[in-house]
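1. This is a predicted model, with the sequence first.
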Amino acid sequence: MLIALTALIPLAAPLAAPSDGVTTLHFVPQGATQELGGYRPQRAALSADRPATITKLPDDLAAPVYAVLPIGEGPGIALVLDEPEGGTARLFVDANRNGDLADDPACEWAARESKSESGATLVMHQGSVMVDLGAAGKPLQGALGCYRFDPHDPQREALKDSLLYYRDYAAAGSLDLGGRSCKAMLDDEQTSGDFRGKADTGEAGSGVALLLDANGNGAFDVQGERFDVRKPFNIGGTTWELADLARDGTSLRVVKSEATVAEIPTPPDHSVGKVITPLQGTDTAGKPVNFPADYAGKIVLLDFWATWCGPCMKEMPNVVSAYGKLHAQGFEIQGVSLDNEKTLARMPEVMGQAGMTWRQVADGKGWKAAIGELYAIRSIPATFLVDGTTGTILGTNLRGEALADAVEKPLAARKTTP
């Protein structure tokens, strides 16, 4: 999930490590969410009980509820949300952490209306605020994004007494890995205000991630380029780890680790204009599949889906329609099901009801499907429109009428080519 609050402040130019081996990064106070590619929302419980750390409140509060964000040193950052029934909601945050919310201006807190399934009007609020993330005597201003779903939303009953927030700050620059410079960012995923992360808590990790553009494609891939700051990581066959990481993320050392961990391959570049990764397998009829070579002379859609995937089945009528309309002109579909051992048996019935008559590959392993892992599929539906002759990717994740439109163009071009 991604909400871009502001344009990203330009990152600092790569900085060379001094002779003592310390690398200096640049603190990005606001707008980092867009560059980081998303956020992990944190939940703050709202209560009618006023926190003891609040010494003073605005005078005109009508229906206050309170929360404390566990950020930075000390008792955290207190806030008050004023939500008068039928009135305008306001959010006040103790941004300077002095206990006085009367000297902090009301935060940006914009309302957005939507309709529930029953037709009722729901109001969601969202905004941002600059707060002091620093330690005692070392203030550090960083932005938080925050939002609140309508407490009357029946689909979000569990969040009726919650405010959600996330970091919109980061530390950025580049790291030298044995003479190889990589664009880098530190992501305080759990919005703790401390880039050193928490002590290892098993699978939960430290809550702070190191992002490295190891393959140099200008982006941070989820697979193979995101690492826990407290754990060793392998880049280029060498296992590294971070040392002497500063609380504010602005300095650290990268050292060779005594541990050895495997290198995680980065996902293939399947953007438009690139060549699709070939795959081999066996379809559900027991016949061999060699993609895209089986579809030379055709325009083919590689479609990752599953019977249990609501968005997939919602989109399927558009896929079936495009296939029926354009199949005779040279349009083909190769399906790859991510159904698991519990849902695999439903495929024939679901496909029959939906009118899906094209070839399918399904190994029953769900998200661990071999082809899904080969293509680094992390969400479905996921589609790639491919020129079967060259393997060139013509489009990705096309939806609705956009799919038929994208297929018609290369088919028409072939008709006009001598």
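-> Perfect, I can see it now.

2. okay, now the domains of the protein?
-> 40-167, 279-416 (automatic domain parsing).

3. now the ones you listed in CSV, with distance to residue 271, mean pLDDT and mean neighbour count?
-> The way it works is simple: take the backbone N, C-alpha and C, and place the C-beta from them, glycine included. Putting the domains of the chain into CSV (distance: least, C-beta to C-beta, whole Å; pLDDT from 0 to 100; neighbours: other C-beta atoms under 10 Å) gives the following:
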stretch, distance to residue 271, mean pLDDT, mean neighbour count
domain 40-167, 25, 93, 16
domain 279-416, 7, 92, 17
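
4. Between those domains, which one is closest to residue 176.
-> Set against residue 176 and scored by C-beta to C-beta, those come closest in domain 40-167, at 25.0 Å.

5. what's the straight distance from one end of the closest one to the other?
-> When the termini of domain 40-167 are compared using C-alpha to C-alpha, to the nearest Å, they are 8 Å apart.

6. and the residue nearest to residue 275 when sequence neighbours are not counted, what does it touch?
-> Of all residues not flanking residue 275 in the chain, residue 391 sits nearest, at 4.5 Å (C-beta to C-beta, 6 or more residues apart in numbering). Remark: with contacts taken as C-beta atoms under 8 Å, 6 or more residues apart in numbering, residue 391 is in contact with 275-276, 278, 292.

7. what would the domains of the chain look like in JSON lines with distance to residue 247?
-> As requested, the domains of the chain are exported to JSON lines (distance: least, C-beta to C-beta, whole Å):
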{"stretch": "domain 40-167", "distance to residue 247": "6"}
{"stretch": "domain 279-416", "distance to residue 247": "32"}
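
8. of those domains, which approaches residue 174 most closely?
-> Closest approach to residue 174 among these is made by domain 40-167 (20.8 Å; C-beta to C-beta).

9. What lies in contact with stretch 43-51?
-> Residues contacting stretch 43-51 (C-beta under 8 Å, 6+ apart): 57, 64-69, 75, 78-79, 81, 159, 161-165.

10. Can I get that stretch as PDB, trimmed to CA atoms?
-> Provided in PDB are the C-alpha atoms of stretch 43-51 (Å, rounded to 0.1, in the frame of the first residue of the first chain):
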ATOM      1  CA  ARG A  43      -1.500   1.100  15.100                       C
ATOM      2  CA  ALA A  44      -2.100   3.500  18.000                       C
ATOM      3  CA  ALA A  45      -4.900   2.800  20.400                       C
ATOM      4  CA  LEU A  46      -7.300   5.700  21.000                       C
ATOM      5  CA  SER A  47      -8.700   6.200  24.500                       C
ATOM      6  CA  ALA A  48     -10.800   8.600  26.500                       C
ATOM      7  CA  ASP A  49      -8.100   8.600  29.200                       C
ATOM      8  CA  ARG A  50      -5.700  11.500  29.100                       C
ATOM      9  CA  PRO A  51      -2.000  10.500  29.200                       C
END
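
11. of the contacts of residue 391, buried ones?
-> Neighbour-count burial within the contacts of residue 391 applies to 276, 292; the criterion is 16 or more other C-beta atoms under 10 Å.

12. May I see the contacts of residue 391 arranged in a markdown table, with secondary structure and distance to residue 219 as well?
-> A markdown table is the format used below for those (DSSP: H, G, I helix; E, B strand; the rest coil; distance: C-beta to C-beta, whole Å):
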| residue | secondary structure | distance to residue 219 |
| --- | --- | --- |
| 275 | strand | 18 |
| 276 | coil | 18 |
| 278 | coil | 23 |
| 292 | coil | 25 |
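
13. Closest to residue 216 out of the contacts of residue 391?
-> Nearest to residue 216 among the contacts of residue 391, with distances taken as C-beta to C-beta, is residue 275, at 17.9 Å.

14. how much space between the closest one and residue 389?
-> According to C-beta to C-beta, to the nearest Å, residue 275 stands 11 Å off from residue 389.

15. I'd guessed residue 297 sits against residue 387; true?
-> No - the pair residue 297 and residue 387 does not pass the contact test of C-beta atoms under 8 Å, sitting 9.5 Å apart.

16. returning to what we had before: and of the domains of the chain, who's closest to residue 251?
-> domain 40-167 (13.1 Å).

17. Distance from the chain centre to the closest one, please.
-> On the basis of C-alpha atoms, centre = their mean, to the nearest Å, the separation between the geometric centre of domain 40-167 and that of its chain is 23 Å.

18. got it, and stretch 233-247?
-> Between the mean C-alpha point of stretch 233-247 and the mean C-alpha point of its chain there is a distance of 23 Å (C-alpha atoms, centre = their mean).

19. What are the contacting residues of it?
-> 22, 135, 177-178, 180, 182, 194-196, 210, 212, 214, 227, 229-232, 251-257, 259-264.

20. That stretch: which residues count as buried?
-> In stretch 233-247, the ones that count as buried by 16+ other C-beta under 10 Å are 233-235, 239-242, 245-247.

21. ok, now stretch 174-192?
-> Neighbour counts over stretch 174-192 (16+ other C-beta under 10 Å) mark 174-177, 181-192 as buried.

22. Do you have the strands of the stretch 301-418 of the chain handy? List them.
-> Taking DSSP state E, counting those that start in this stretch, the strands of the stretch 301-418 of the chain run over residues 331-337, 359-361, 382-387, 393-396.

23. Show residues contacting the third one.
-> To tie it back to what came earlier, the one meant is strand 382-387. Contacting residues not belonging to strand 382-387 are listed as 270, 276, 292, 295, 299-304, 375, 392-398, 403, 406-407, 410 [C-beta under 8 Å, 6+ apart].

24. Would you give the sheet partners of it, along with the direction of each?
-> Here the strand partners of strand 382-387, with direction, are listed using DSSP bridges: strand 299-305 (antiparallel), strand 393-396 (antiparallel).

25. Same list (those) but as JSON lines, adding distance to residue 124.
-> Converted to JSON lines, the strands paired with strand 382-387 look like this (distance: least, C-beta to C-beta, whole Å):
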{"stretch": "strand 299-305", "distance to residue 124": "30"}
{"stretch": "strand 393-396", "distance to residue 124": "30"}
